[in-house]
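Requesting a structural model of the entry that follows:
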Amino acid sequence: MSSLVARSLLPVYTLAKRELVRFFRQRTRIIGALGQPVVFWVLFGAGLRGTTGPQWSEGGYQAYFFPGIAVLVVLFTAIFSTISIIEDRREGFLQGVLAAPVPRVSIVFGKLAGGAILAVLQAGLFLLIGPALNLLGLAPTMELAVTPVGVIGTVGFLGLLSLALVALGFCIAWPMDSTQGFHAIMSVFLMPMWLLSGAFFPATGSGWLTAVVRANPLTYGVAGLRRLLNGEVTGPALPGYPSMAVCLTVTAAFGLGCTLLAVWLTGRRASPDRR
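Alright, predicted model coming up:
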């Protein structure tokens, strides 16, 4: 029994470590996953800083935008970590892993663990950069509720959201043969998914878009992170926000569904790697 567990956990650890080593050797990925969201936050926030209304938090639009950009960092990291599946298939590494005597589920969990760790690290770094830019007067942030419980809750929720988005990226990348196709999916599916998550504008008062935003599972990830950063874990925060329990439930269900789909895809006999 112990040997079976070790045989299952060793590839998880090895693949996760490989993701971390690859990331720190490719420093341009840090710029891509962290630099572009910071630019978006500063420029869009500065352009819309004068926007006022009861739907914004106390710090104005740029403070409202802050949690959404943190989620964008997680999304970009998930994209960059799972697009490597296509590169690994082209280079022959993935075929070698699939031929190894290890459970397919370990391959999935190894990729998800490595990508999720990177996403949490980069999102956490952004949450530290935000207050620093606030001190320089470049980008006002919300008043963060910095408590031990709040920090643990934020990291835990970011981890859950990261696993969900990396699993989604895995499901998109696994059947694909070209990175160009993955970028096309990112443009027409992943970015609109983020834009319609309440990160860029609130769901209330948007007509038919309100229904679309509420049906988007990423909406509950953005809302949950906003509640945690505001210290509004219980009770109402901004108009139209789901409760923290609903945010946790939907995000966990979304992550579980994507993970199960990823496991099923890797176990298919008609996998592209068997052609």
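
Run through the stretch 1-150 of the chain and note the low-pLDDT ranges.
1-7, 29, 32-34, 45-60, 131-146 (pLDDT under 70).

hmm, try it at 80
1-8, 26-64, 100-101, 129-150 (pLDDT under 80).

ranges for the helices of it?
2-25, 28-30, 36-47, 61-82, 84-91, 93-99, 104-135, 148-173 (DSSP state H, counting those that start in this stretch).

looking at those, which is buried most?
Of all the helices of the stretch 1-150 of the chain, helix 61-82 has the most neighbours on average by mean count of other C-beta atoms under 10 Å, namely a mean of 26. Glycine gets a C-beta too; all of them are placed from N, C-alpha and C.

Remind me what it packs against, helices and strands.
When contacts are defined as 3 or more C-beta pairs under 8 Å, 6 or more residues apart in numbering; DSSP states H and E, helix 61-82 sits against helix 36-47, helix 104-135, helix 148-173, helix 191-194, helix 217-230.

before we move on, the earlier item: got the helices of the stretch 1-150 of the chain as CSV, with distance to Leu265 columns?
Output for those, formatted as CSV (distance: least, C-beta to C-beta, whole Å):
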stretch, distance to Leu265
helix 2-25, 16
helix 28-30, 24
helix 36-47, 29
helix 61-82, 12
helix 84-91, 10
helix 93-99, 12
helix 104-135, 9
helix 148-173, 6
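
and of these, who's closest to Leu261?
Proximity to Leu261, assessed across these by C-beta to C-beta, is greatest for helix 148-173 (5.1 Å).

From the contact counts, what lies against the closest one?
Checked by 3+ C-beta pairs under 8 Å, 6+ apart, helix 148-173 has helix 61-82, helix 84-91, helix 104-135, helix 179-185, helix 217-230, helix 244-267 packed alongside it.

can you put those helices in CSV and add distance to Leu163?
Formatted as CSV, the helices and strands packed on helix 148-173 follow (distance: least, C-beta to C-beta, whole Å):
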stretch, distance to Leu163
helix 61-82, 9
helix 84-91, 16
helix 104-135, 5
helix 179-185, 19
helix 217-230, 11
helix 244-267, 5
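
To Trp208, which of those helices lies closest?
Closest to Trp208 of the helices and strands packed on helix 148-173, according to C-beta to C-beta: helix 217-230, at 15.0 Å.

That closest one to helix 104-135, inter-axis angle?
Here helix 217-230 points in a direction 50 degrees away from that of helix 104-135 (axes from the mean of the first three to the mean of the last three C-alpha atoms, to 10 degrees).

mean confidence for helix 217-230?
Helix 217-230 carries an average pLDDT of 89.

Please compute how far that helix lies from its chain's middle.
Helix 217-230 sits 12 Å away from the centroid of its parent chain (C-alpha atoms, centre = their mean, to the nearest Å).

That one - contacts with which helices or strands?
Applying 3+ C-beta pairs under 8 Å, 6+ apart, one finds that helix 217-230 contacts helix 61-82, helix 148-173, helix 244-267.

Can you add distance to Ser243 and give the helices and strands packed on helix 61-82 back as CSV?
Listed next are the helices and strands packed on helix 61-82 as CSV, based on distance: least, C-beta to C-beta, whole Å:
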stretch, distance to Ser243
helix 36-47, 26
helix 104-135, 22
helix 148-173, 14
helix 191-194, 22
helix 217-230, 8
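
Let me know which of the ones you listed is the nearest to Ile69.
Set against Ile69 and scored by C-beta to C-beta, those come closest in helix 36-47, at 4.3 Å.

tell me the angle the closest one makes with helix 61-82.
160 degrees.

Give me the distance between helix 36-47 and the centre of its chain.
Put simply, helix 36-47 sits 18 Å off its chain's centre (C-alpha atoms, centre = their mean).

before we move on, what about stretch 214-225?
Computed by C-alpha atoms, centre = their mean, the separation of stretch 214-225 from the middle of its chain amounts to 11 Å.
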